[in-house]
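Colleague: this one's sequence-less:
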Ligand SMILES: Nc1ncnc2c1ncn2[C@@H]1O[C@H](COP(=O)(O)OP(=O)(O)OP(=O)(O)O)[C@@H](O)[C@H]1O
Ligand SMILES: [Mg+2]
């Protein structure tokens with residue numbers, strides 16, 4: 001099954017068609033095709049090294065596909081530079097820490113909004129800070145002095161300053177306490193309900209699936225599953241799948257989840 005159910009015929013916001021991409025001589029994504037419905041949360045899962053971050057980097061123009069085509073709202077964006085994609089409303093929160101540690105929280109937010117012009121960026125900063133009260137309290141502290149969770153919130157806030165139509169977010173839960181993780185997922189759910197399309201990589205799969213609409217699983221850069229999140233949550237083989245054990249010879253339980 002290559003497409004999740006799409007009962008309301010929602011338009012596709014993101015489409016990968018036979019994308020081949022990699023680093024130097026190593027091809028990581030192998031003829032990868034999938035579509036993401038506008039205004040949905042799609043969770044990208046799979047074992048370490050499966051190519052999840054590579055999908056986001058390729059979509060955000062940090063990696064040029066060798067073959068294939070990527071579409072945003074039906075328009076071909078293959079090979080478009082990140083700066084142009086930002087201007088088209090795609091925001092990317094990469095894996096790991098991505099702040100200017102020596103600059104203040106406020107300065108990090110200003111820089112996040114640099115493509116908007118300083119006046120607009122400054123006007124929008126208060127609305128973002130309302131979402132993250134702990135970050136607001138530390139507005140003039142150096143970003144590096146924030147806790148890990150606060151830093152991730154600041155990164156998400158910095159991306160939200162752009163009021164993105166598409167939010168690409170790679171492992172937001174790393175280093176966050178369970179409560180903050182839930183807060184981030186809830187915020188993403190709210191954004192999606194308001195029309196933002198979210199493509200998220202997350203190892204905290206069980207929890208993330210409760211907030212997601214669809215799940216895509218990758219193995220060695222290939223699509224092995226694309227299903228509604230609810231169906232994956234209900235599947236008895238879920239644990240095997242998420243631990244990367246699928247196809248490794250463990251006895252399978254009777255399952256609704258078809259691998260392709
Ligand atoms: N800059 C790079 N140069 C060469 N190889 C890379 C580079 N970045 C990633 N890779 C390789 O590409 C493969 C896929 O990496 P990727 O980061 O997309 O995996 P991932 O699914 O996000 O894994 P993880 O769950 O560990 O974050 C891995 O084998 C990785 O070593
Ligand atoms: Mg990764």
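Modeller: Cool, got the structure. Remember, predicted model here, so these are calculated numbers, not experimental data. Numbering: from 1, shown residues only. Ligands and ions are numbered 1, 2, ... in the order given.
Colleague: which stretches of the chain form helices?
Modeller: Applying DSSP state H to the chain gives helices spanning 52-59, 82-87, 105-112, 118-131, 133-137, 148-160, 178-193, 205-209, 229-233, 238-242.
Colleague: for ligand 1, find the nearest of those.
Modeller: Proximity to ligand 1 (Cβ to the nearest ligand atom) singles out helix 52-59 among the helices of the chain, at 3.3 Å. Any C-beta I mention is one placed from the backbone N, CA and C, and that applies to glycine too.
Colleague: got the residues of the chain near ligand 1?
Modeller: 23, 26, 28, 46, 48, 49, 50, 51, 52, 53, 54, 95 (Cβ under 6 Å from any ligand atom).
Colleague: surely the third one meets residue 19?
Modeller: When you say that, I think you mean residue 28. No - assessed by Cβ atoms under 8 Å, residue 28 is found out of contact with residue 19, at 10.3 Å.
Colleague: of these two, who's got more company?
Modeller: Under the criterion of other Cβ atoms under 10 Å, the comparison of residue 28 against residue 19 puts residue 19 first, with 24 against 21.
Colleague: just give the nearest non-adjacent residue to residue 80, would you?
Modeller: Distances taken as Cβ to Cβ, 6 or more residues apart in numbering put residue 61 closest to residue 80, at 5.2 Å, once the chain neighbours are dropped.
Colleague: now for the one you found, how many residues are close by?
Modeller: When neighbours are counted by other Cβ under 10 Å, residue 61 comes out with 20.
Colleague: contacts only, for residue 114.
Modeller: By Cβ atoms under 8 Å, 6 or more residues apart in numbering, residue 114 lies in contact with residue 121.
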